[in-house]
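Structure, please.
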Amino acid sequence: MKTIKTTILIWLTCLSSVSFAQKETNNPSNRPNIIFIMADDHTAQSWGIYGGILKNYAKTENIRRMAKNGAVLDNAFCTNSLCTPSRASIMTGQYSNVNGVYTLEDALDPERPNIAKELQKSGYQTALIGKWHLKKQPTGFDYFKVMDNQGIYFNPTFKTKEDWKDDGQTTGKVDKGYNTDLVTDFSIDWIKKRDQKKPFFLMTHFKATHEPWEYPDRYKDLYKNVEIPYPGSILDFGPEANGRTFKGQQLEDLENRWELYQKHPDTYWTSYPGMPFSINGLDSIQARKKIYQKFVKDYLRCAAAIDDNIGRILDHLEQTGLAKNTVVIYTSDQGYFLGEHGFFDKRTMYEESLRMPFVICYPKEIKGGSRFNQFVLNIDFPALFADYAGIPKPSFIQGKSFRPILEGKTIKNWRKYAYYRYWEHLQILPAHFGIRSDRYKLIFYYGSLLDMTGGNKQPTTPAWEFYDLKNDPKELHNAYHDEKYQQLISQMKVELLKQKQLAGDNDANRPAMKEIMSKYWNK
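Have a look, this model is predicted:
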């Protein structure tokens, strides 16, 4: 009798263990699931966890929840601050000059190797849901459901393998609802229906917080009768006061778009919330402040919906027992100006545009409340995915895994410089490349479209900018001509060429660039 009771007890214990394992992951290899959540233009200034004037205004309780339970990167940077190129770098682990996606008009070649293909080959079930923006059909995914091009905020159209056409061609199915909510619905639904015998890799990509910052009705009264604080450089109206070498995308340009939309609502390329809007009768300072208040409130309302949906994903993982064995990352494809320097948009190598906010949770390895200041680039992300998946870093990836950093370990010879290049030349935002160290930044605005797609063929006069980020963290004084920095600048020019070469960025076949370098490098 005792033997029978013991056998029954062992059998019940085993059954309970199997049941729990099936509920949690049912993954024989116990490799972690990876969920990579990415927004568009959701800049660090609006996350709260990075401080700043918006920290007590932004609705980010779930981002803060992730930071409390995981790690925050204080120095994550993009290598080309534009949506399409940054996404290509995250997929391939390569700089723009290697993966061939330089500008907004370029497409990622479906035949090119990418991290999803590698994870898929290693046994991961893979899915992509939301914004793709790389023009041609995604490859490496068992399932994808993506919007055409930028997508729209309300009642968007999504396309799948079954009805695929490259971006710009009418196809897909309209889904009723708000884009950010829908992308989360589809993501959670896919997690529920996945093959539970395999680990999974899910890329959940929100359209928000991209222009035109349309928000769900639940947030229409958020910030009502509230005055949002102004950046210190909100009244920077041009380069004259600070030595900046270009005009930039000023807030008044945004107001011009609002005005055009109000005049031609049926034919304009997008719609905007909160209309009508007018600055008639206001002086330049009053007008800029009014533009800023509308812009930043729309932006933060739009961002609040992202935070809601991050919470929905986290809740689902906790409720199903998946949280323990799932790496969850939230980031943005680049930064964005929220009135700093009087700007909106991104593209430049200034901090607000260059910086990618990044938070990661993985309870098995990452200590909650951790922060790290090592330089991480978007080309490093796929190397990290491969590391967590237990596969060797694919040879095509130029970046490096920073998993040991997240575990609190020291990596010898980790990078000391971030190399950046923006290729899509515009007269108000010239093409440029540069490097950033822990204290200094050197930028060369070569000012030519070269042989790139899109952009403006009219060149600008090449120029240099240099910033001491310790003494001038807001980059309000171009110190390139300051006598005390001349020796350091000469040294950094040597380092800039070295980092350019390490990135594989070779302009040898561009005669125009050779001429520019010859004439302006030592100016």
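
wait, isn't residue 488 in contact with residue 440?
Yes: Residue 488 is within contact range of residue 440, at 6.8 Å (criterion: Cβ atoms under 8 Å). (Glycine included, C-beta is placed from N, CA and C.)

Between these two, point out the one with more neighbours.
Higher neighbour count among residue 488 and residue 440: residue 440, with 20 against 17, using other Cβ atoms under 10 Å.

could you list every residue that touches residue 265?
Applying Cβ atoms under 8 Å, 6 or more residues apart in numbering, we find residue 265 in contact with residue 271.

That one and residue 130: what is the separation?
Using Cβ to Cβ, to the nearest Å, we find residue 265 at a distance of 27 Å from residue 130.

Same question for residue 494.
Computed as Cβ to Cβ, the residue 494 to residue 130 distance reads 42 Å.

ok, now residue 403?
Using Cβ to Cβ, residue 403 is found at 25 Å from residue 130.

neighbour count winner among the two?
residue 130 (29 against 20).

Looking at strand pairing, list the partners for the more buried one.
residue 146, residue 205 (DSSP bridges).

May I have the predicted confidence score for it?
pLDDT, residue 130: 98.

Surely it touches residue 205?
Yes: the criterion here is Cβ under 8 Å, and residue 130 meets it with residue 205 at 3.6 Å.

So which bits of the longest helix belonging to the chain are buried?
What stands out as the longest helix in the chain, according to DSSP state H, is helix 284-319. Going by neighbour count (16 or more other Cβ atoms under 10 Å), the buried part of helix 284-319 is 287-311, 313-314, 316-317.

and it, what does it pack onto?
Secondary structure elements in contact with helix 284-319, counted by 3 or more Cβ pairs under 8 Å, 6 or more residues apart in numbering; DSSP states H and E, are strand 33-39, helix 61-69, helix 179-193, helix 251-263, strand 326-332, strand 337-338.

what about the helices in the protein?
Using DSSP H, helices in the chain cover 2-24, 61-69, 83-92, 96-99, 115-121, 179-193, 251-263, 284-319, 351-354, 381-389, 403-406, 486-502, 511-520.

show me the contacts for residue 81.
334, 335, 346, 347, 348, 349, 353, 354, 420, 422.

could you redo the last one with a cut-off of 7 Å?
334, 335, 346, 347, 348, 353, 354, 422 (Cβ atoms under 7 Å, 6 or more residues apart in numbering).

From residue 384, how far out is residue 32?
12 Å.

re earlier: so which of the contacts of residue 81 are in strands?
Counted as lying in strands by DSSP state E, out of the contacts of residue 81, are residue 422.

which stretches of the protein have low pLDDT?
Flagging of the chain using pLDDT under 70 yields the residue ranges 1-29.

Geometrically speaking, which residue is the centre of it?
Geometric centre of the chain, nearest residue: residue 333, 1.4 Å, by Cα atoms, centre = their mean.

If I follow the layout properly, that one ends up in contact with residue 83?
Yes: between residue 333 and residue 83 there is a contact at 5.5 Å, judged by Cβ atoms under 7 Å.

shared neighbours of the two, anything?
Joint contacts of residue 333 and residue 83 (Cβ under 7 Å, 6+ apart) are residue 40.

okay but residue 41 is in contact with residue 207, surely?
No: contact between residue 41 and residue 207 fails when scored by Cβ under 7 Å: they sit 9.8 Å apart.

Same drill for the two, tell me which one is more crowded.
residue 41 (27 against 24).

need the contact list for the residue lying closest to the more buried one once chain neighbours are set aside.
Leaving aside its sequence neighbours, residue 41 sits nearest to residue 336 (Cβ to Cβ, 6 or more residues apart in numbering; 4.2 Å). By Cβ under 7 Å, 6+ apart, residue 336 lies in contact with 41, 43, 346, 352, 353.

Quickly note the distance from residue 336 to residue 280.
Counting by Cβ to Cβ - residue 336 and residue 280 are separated by 28 Å.

Then residue 475?
Residue 475 is 33 Å from residue 280, by Cβ to Cβ.

Also residue 293?
16 Å.

just to revisit the earlier point, highest mean neighbour count out of the helices of the chain?
Among these, helix 83-92 has the highest mean neighbour count (mean count of other Cβ atoms under 10 Å), at a mean of 26.
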